[in-house]
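**Q** what shape does this take:
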Amino acid sequence: MSTVLEILCKLSLEGDHSTPPSAYGSVKAYTNFDAEWDALNTETAIKTKNVDEVTIINILTNRSNEQRQNIAFAYQRRTKKELASVLKSALSSHLETVIWGLLKTPAQYDASDLKASMKGLGTDEDSLIEIICSRTNQELQEINRVCKEVYKTDLEKDIISDTSGDFRKLMIALTKGQRAEDGSVIDYELIDQDAWDLYDAGMKKRGTNVPKWISIMTEQNMCHLQKVFERYKSCSPYDMLESIKKEVRGDLENAFLNGVQCIQTKPLYFADRLYNSMKGKGTHDKVLIRIMISHSEVVMLKSRSEFKKKYGKSLYYYIQQDTKGDYQKVLLYLRGRDD
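**A** Now for the predicted structure:
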């Protein structure tokens with residue numbers, strides 16, 4: 001019975017872990033891939049008068065990230081120039097930003113966004129929170145490696161210098177990427193204990209034992225925490241999200257909310273983030289672009305399904321309404337065909 005429950009838990013997070021993440025991606029590896037041919041066509045498109053942006057978009061959005069790295073390598077071997085730098089000069093505005101992001105590895109892209117979020121005066125806490133709270137142990141460890149290798153800096157030290165208080169402690173605990181991995185055995189006694197510990201540390205008393213919350217939410221595995229949050233409803237008059245809103249404020253509240261929502265269901269979390277980036281007047285392009293690039297190969301099919309289910313209209317429709325031109329085209333290609 002516990003094995004069945006564990007499988008169901010994993011399905012609700014990102015899909016059955018026995019299924020490769022690419023199965024839920026809107027962008028998949030191109031079957032008849034030829035890096036040299038793609039590099040040649042990309043070079044021709046760049047040299048065309050006014051730049052053939054459609055060809056560049058068609059090639060890069062129909063190849064996996066690994067294949068794009070091979071195209072960039074083949075291009076540099078042909079021309080002795082870095083493809084990302086050449087395209088950055090050839091393109092402009094949001095299209096340039098998307099294409100530049102597509103040519104980075106996932107860890108390089110995340111590391112650059114994290115670096116930008118802590119650059120100069122002030123910190124882009126929303127970007128910091130979204131990336132740190134939603135990445136797996138392996139992804140966070142790779143991001144840490146890239147930060148040291150490319151930027152000659154330590155991500156943890158950057159966070160320490162740019163944040164403070166309990167928010168800093170939560171971000172550092174998550175950044176280490178040392179959460180317990182999902183196991184095959186469900187410990188119901190520990191689930192019950194953690195649920196009561198969360199309640200005792202928050203709603204039961206005056207003031208909040210934030211270190212206890214941080215400990216449980218950053219050390220336990222995702223499937224375990226899903227069940228803890230479900231059990232928590234029996235301990236407290238409020239669910240975990242409502243309790244967070246009542247107990248803490250500011251960046252710490254935002255981080256806990258993002259973390260819990262991500263644990264409960266990552267596809268819905270990103271569907272909400274996408275909707276919020278486009279609702280109302282204006283578009284939060286930075287968030288929209290980051291999610292479309294980062295999740296096009298892993299969870300986009302599930303996120304776009306959750307999007308339509310919750311908001312009544314497809315992600316395709318919203319992108320059409322909020323963007324235009326080649327920028328719209330590249331986002332729609334990353335999203336995949338309409339439902």
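
**Q** CA only for contacts and neighbour counts going forward, please
**A** OK.

**Q** I figured I172 hits S161, correct?
**A** No: I172 lies out of contact with S161 (CA atoms under 8 Å); the separation is 11.3 Å.

**Q** of the two, which one has the most company?
**A** I172 (20 against 11; other CA atoms under 10 Å).

**Q** tell me, how many residues neighbour the closest residue to the more buried one other than its chain neighbours?
**A** Nearest residue to I172, sequence neighbours excluded (CA to CA, 6 or more residues apart in numbering): E156, at 6.1 Å. Residues near E156, counting by other CA under 10 Å, number 18.

**Q** for the one 4 residues further on, same thing?
**A** A count of neighbours around I160, defined by other CA under 10 Å, yields 14.

**Q** and the closest residue in space to it that isn't next to it in sequence, what element?
**A** Leaving aside its sequence neighbours, I160 sits nearest to R168 (CA to CA, 6+ apart; 6.4 Å). Per DSSP states H and E: R168 is located in helix 165-175.

**Q** residues in contact with that helix?
**A** 129, 132-133, 140-141, 155-156, 159-160, 210-211, 214, 218, 251-252, 255 (CA atoms under 8 Å, 6 or more residues apart in numbering).

**Q** for it, which positions count as buried?
**A** Going by neighbour count (16 or more other CA atoms under 10 Å), the buried part of helix 165-175 is 167-175.

**Q** from D113, how far off is S215?
**A** When distance is defined by CA to CA, to the nearest Å, S215 is 26 Å away from D113.

**Q** check which helices and strands whichever strand or helix holds I46 sits against.
**A** In this assignment (DSSP H and E), I46 forms part of helix 35-47. Where contact means 3 or more CA pairs under 8 Å, 6 or more residues apart in numbering; DSSP states H and E, helix 35-47 is packed against helix 53-61, helix 65-79.

**Q** I'd like those helices written out as CSV, with distance to K227 added.
**A** Formatted as CSV, those follow (distance: least, CA to CA, whole Å):
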stretch, distance to K227
helix 53-61, 37
helix 65-79, 34
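
**Q** so which of those gets nearest E247?
**A** E247 sits nearest to helix 65-79 of all the helices and strands packed on helix 35-47, at 41.2 Å, using CA to CA.

**Q** contacts for that closest one?
**A** 29-30, 33, 35-36, 38-40, 43, 60, 81-84, 102-106.

**Q** just the buried residues of it, please?
**A** Neighbour-count burial for helix 65-79 flags 65, 67-75 (criterion: 16+ other CA under 10 Å).

**Q** what's the angle from the helix or strand following that helix to helix 65-79?
**A** Note on helix 65-79: by DSSP H and E, the next helix or strand toward the C-terminus is helix 83-90. Taking axes from the mean of the first three to the mean of the last three CA atoms, to 10 degrees, one finds that helix 83-90 is oriented at 80 degrees with respect to helix 65-79.

**Q** what packs against helix 83-90?
**A** helix 65-79, helix 93-102.

**Q** can you rerun that using 10 Å?
**A** Contacting helix 83-90 under the criterion 3 or more CA pairs under 10 Å, 6 or more residues apart in numbering; DSSP states H and E are the following elements: helix 35-47, helix 53-61, helix 65-79, helix 93-102.

**Q** where in this structure is pLDDT low?
**A** 1-22, 121, 338-339 (pLDDT under 70).
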